[in-house]
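Student: All I have is the shape, not the residue letters:
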């Protein structure tokens, strides 16, 4: 089926209606729906409405608790630890980045560890959240085991996304990357479309690299980004996320029936409070000018992280958000 172009507000409202029929109060349903809809608005289709059906299924199964909110475990000047109580992952993440921003506004730096939460959906959402408040935002999460240690034939690592956002008046920069070369949401989308990837995405059962997403999904053997370097960084992010939050590590999450009880960290830096604001914009401009001025191969284009996101957002607000017709029909069927 061809994609539909759905006005952003219609997409958000339908998602909100569905959430309110699944145990969310109006305020939490609005925010949760907005985070899902903004993900599709920005072109990250693997983590928006395409994941919404699974999200509702996790609610039905008691994995996600719609009414659960984070509770404070410990607190210091620049660092807090919270228990997510298995609440909706995107709401928990939004709350904890907001706490980090609040701490940073007071003392320049804020850090929050979050234990026992669910999938945060698009990690980039929380960098954009920090940027909207003029803050540098950094966050990362662990996941269920879905990537091999380098040289291993079984998944021992998570693809443990890392997100970094830097504010600028016209050129905000947001890096949102999994430690696997391709995020699992992207692999699922390619598999559903019957497509191979342009580059190797993981390993088959013989240990050979493959471009076939279905094979990787079956074996949970995604290719670490940067090969052994990505594998090492994944391990370090799991260690930091587990230790700072006091929550579960990747190998413990792997013992759960589904991916849940994740550990996450949210960091905010306030350029104004840290005395960086006066020269920050000019330095960003100089760096990006040099970067974007690189000579390119024929038919290629250099972009910085987040640049295409802004372009996609503007286009989709004007013309409508691309949504799979089947997925849209399934959403409407959930609203009685």
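Tutor: It's in. Note that the structure is a prediction, hence the values are computed from the model and not measured.

Student: Assign a three-state SS to the residue with the largest distance to the centre of the chain, would you?
Tutor: Residue farthest from the centre of the chain, counting by C-alpha atoms, centre = their mean, is residue 298 at 32.1 Å. Using DSSP: H, G, I helix; E, B strand; the rest coil, the structure places residue 298 in coil.

Student: Report the separation between it and residue 304.
Tutor: Distance, residue 298 to residue 304, using C-beta to C-beta, to the nearest Å: 21 Å. In this view, the C-beta of every residue, glycine as well, is placed from N, C-alpha and C.

Student: pLDDT score assigned to the residue farthest from the centre of the chain?
Tutor: pLDDT, residue 298: 94.

Student: got it, and residue 189?
Tutor: We have a pLDDT of 83 for residue 189.

Student: Name the residues of stretch 124-138 that are buried.
Tutor: Under the neighbour-count criterion of 16 or more other C-beta atoms under 10 Å, stretch 124-138 has 124-131, 133, 135-138 buried.

Student: Mind checking which of those land in strands?
Tutor: By the criterion of DSSP state E, membership of the buried residues of stretch 124-138 in strands covers 136, 137, 138.

Student: Identify the residue nearest residue 85 in space, chain neighbours excluded?
Tutor: If the residues on either side of it in the chain are set aside, residue 85 comes closest to residue 68, at 4.1 Å by C-beta to C-beta, 6 or more residues apart in numbering.

Student: The strand or helix carrying residue 51: which residues count as buried?
Tutor: Using DSSP states H and E, residue 51 maps to helix 49-60. Across helix 49-60, burial judged by 16+ other C-beta under 10 Å covers 49, 50, 51, 52, 55, 56, 58, 59.

Student: outside of that helix, which residues touch it?
Tutor: Contact with helix 49-60 is made by 11, 15, 18, 22-23, 36-37, 40, 64, 66, 88, 118-119, 121, 185, 188-189, 258, 260, 323-324, 327-328, 330-331, 334, as judged by C-beta atoms under 8 Å, 6 or more residues apart in numbering.

Student: can we see that at 7 Å?
Tutor: Residues outside helix 49-60 that contact it (C-beta atoms under 7 Å, 6 or more residues apart in numbering): 15, 22-23, 36, 40, 64, 66, 121, 185, 189, 258, 323, 327, 330-331, 334.

Student: rewinding a little: now flag whichever of the buried residues of stretch 124-138 is closest to residue 169.
Tutor: Checking the buried residues of stretch 124-138 against residue 169 by C-beta to C-beta gives residue 131 as the nearest, at 10.6 Å.
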